[in-house]
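In: show me the folded form of this:
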Amino acid sequence: MTIDTHFRLAAIQAAAIPFDREASVEKACRLIREAGAMGATIAAFGETWLPGYPFFCHAPTGPSTFRAMAEYLDSAVEIPSPATDQLCDAAAAAGIDVVIGIAERDAVTKGTVYCTLLFIGREGRILGRHRKLKPTFNERSVWADGDAVGLRVYERPYGRISGLNCWEHNTMLPGYALAAQGTQIHVAAWPGREPAAAPPSPTPLWPRQVLLSRAFASQAGCYVIAVGGVRSHEVTPERYRELSTIEYSGDSVIIDPRGEIIAGPAQGETILIAEGSRQAVLAAKALCDIGGHYSRPDLLRLIVDRNPQDRVIDCSFAGRVTPDMWE
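Out: Residues are numbered from 1 along each chain as shown. Next up, the predicted model:
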């Protein structure tokens, strides 16, 4: 890897097939192949693209809400599983790295879903996963809190890659943890909606996906693939149509390390492409490396606990546990 290293970034903006894991995986694999044919080095999908964003959490609660929640859990993805094997095979066949948002089902309890970014290498193997640390507002009724196990960057032949979900970009510290590891190409995964104007004050909740993605690019000195999904009321299964209150137009963009948009906003189902260079990353970090020369660790430091947040820890001493051991 030299200063002249170039790479091609792809934002895959598409609609998933709600509640249908197998059909969504098949579509994702086709889109991965298409991105590879376009010369992409790395391709990214939106937040929980597989098998879709839980739109129903934003509707008034009723009996159909719980039916949707049960079906969403049933169609979620475990890591590893046949679904992730197919994605790995597609990445290897296309010769590209892939970052895809999935609804990850807890493989132990089978009853919990995480908002997860799955990182897959062009070698056809899973590099890692990042679970959204804190779902936003109504999302907390569907997704569990994540952990910092996957709050890390991955070294690739063309640069260091990372990713966060949606409003993790509004919480500052997760982004700083990645910037301090020297991220160079970052995936900002969003449901996919950029309103033309903010709602009237004092309403504080709207996506701000462009604002927050551009801020991250500037602060971290990295490229950002800000990628959203597409969803319309028409593609919502009839049985849950009453729960469909928000549509997602995508509005994906690709941003350079200065925070400037270099591709997009995308409309409709498409694959947005932009060229990137290591030189642009190095120039930005030479001016402002917030995890290095532009930091003050003598005054401010961040502590990250990367231990898995296990609920049950089995402790045994020679196969026997007695009450006096805890005294």
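
In: rest of the way, CA atoms for contacts and neighbours
Out: Fine.

In: ok, which stretches of the stretch 1-150 of the chain are helices?
Out: For the stretch 1-150 of the chain, helices defined by DSSP state H, counting those that start in this stretch occupy the ranges 21-37, 63-74, 82-94.

In: the stretch 151-300 of the chain too?
Out: Using DSSP H, counting those that start in this stretch, helices in the stretch 151-300 of the chain cover 173-179, 209-220, 278-287.

In: looking at those, which one is packed in the most?
Out: Of all the helices of the stretch 151-300 of the chain, helix 209-220 has the most neighbours on average by mean count of other Cα atoms under 10 Å, namely a mean of 24.

In: now Lys285: how far from Ala217?
Out: Relative to Ala217, Lys285 is positioned 11 Å away (Cα to Cα, to the nearest Å).

In: between the helix-or-strand element of the chain with minimal mean pLDDT and helix 21-37, how big is the angle?
Out: Here the helix or strand of the chain ranked lowest by mean pLDDT, DSSP states H and E is helix 63-74, holding a mean of 95. Here the directions of helix 63-74 and helix 21-37 differ by 60 degrees (axes from the mean of the first three to the mean of the last three Cα atoms, to 10 degrees).

In: contacting residues around helix 63-74?
Out: 19, 54, 56-57, 105, 111-113, 142, 239-240, 243 (Cα atoms under 8 Å, 6 or more residues apart in numbering).

In: among these, which ones are buried?
Out: Among those, those classed as buried by 16 or more other Cα atoms under 10 Å are 19, 54, 56-57, 105, 112-113, 142, 243.

In: greatest separation within those residues: which pair is it?
Out: Arg105 and Leu243 (22.2 Å; Cα to Cα).

In: please name the residues that touch the nearest residue to Thr245 once chain neighbours are set aside.
Out: Excluding its sequence neighbours, the residue lying closest to Thr245 (Cα to Cα, 6 or more residues apart in numbering) is Ala59, at 6.3 Å. With contacts defined as Cα under 8 Å, 6+ apart, the neighbours of Ala59 are 243-245.

In: pLDDT below threshold where in the stretch 201-327 of the chain?
Out: Under the criterion pLDDT under 70, the flagged ranges of the stretch 201-327 of the chain are 316-327.

In: all strands of it, in order?
Out: Taking DSSP state E, counting those that start in this stretch as the test, the strands found in the stretch 201-327 of the chain are 223-228, 253-255, 261-263, 270-277.

In: format those as a markdown table; extra columns: mean neighbour count.
Out: Output for these, formatted as a markdown table (neighbours: other Cα atoms under 10 Å):
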| stretch | mean neighbour count |
| --- | --- |
| strand 223-228 | 34 |
| strand 253-255 | 29 |
| strand 261-263 | 18 |
| strand 270-277 | 20 |
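
In: any chance of these in a markdown table, plus distance to His293?
Out: Shown next, in a markdown table, are the strands of the stretch 201-327 of the chain (distance: least, Cα to Cα, whole Å):
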| stretch | distance to His293 |
| --- | --- |
| strand 223-228 | 20 |
| strand 253-255 | 23 |
| strand 261-263 | 26 |
| strand 270-277 | 22 |
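
In: for the ones you listed, which one sits closest to Met1?
Out: Between Met1 and these, the tightest spacing by Cα to Cα is seen for strand 270-277, at 10.9 Å.

In: neighbouring strands - and their directions - for the closest one?
Out: Each strand paired with strand 270-277, and its direction, by DSSP bridges: strand 6-13 (antiparallel).

In: give the rounded mean pLDDT of the partner strand.
Out: What strand 6-13 shows for mean pLDDT is 98.

In: contacts for that strand, please.
Out: 31, 35, 39-46, 158, 225-230, 250, 252-254, 266, 268-278.

In: how many neighbours does Asn138 have?
Out: Neighbour count of Asn138, defined by other Cα atoms under 10 Å: 14.

In: what's the pLDDT at it?
Out: pLDDT for Asn138: 89.

In: so it versus Ser232, what's the distance?
Out: 19 Å.

In: same question for Ile17.
Out: Distance of Ile17 to Ser232, given as Cα to Cα: 11 Å.

In: which one's more surrounded, these two?
Out: Per other Cα under 10 Å, whichever of Ile17 and Ser232 has more neighbours is Ile17, with 20 against 13.
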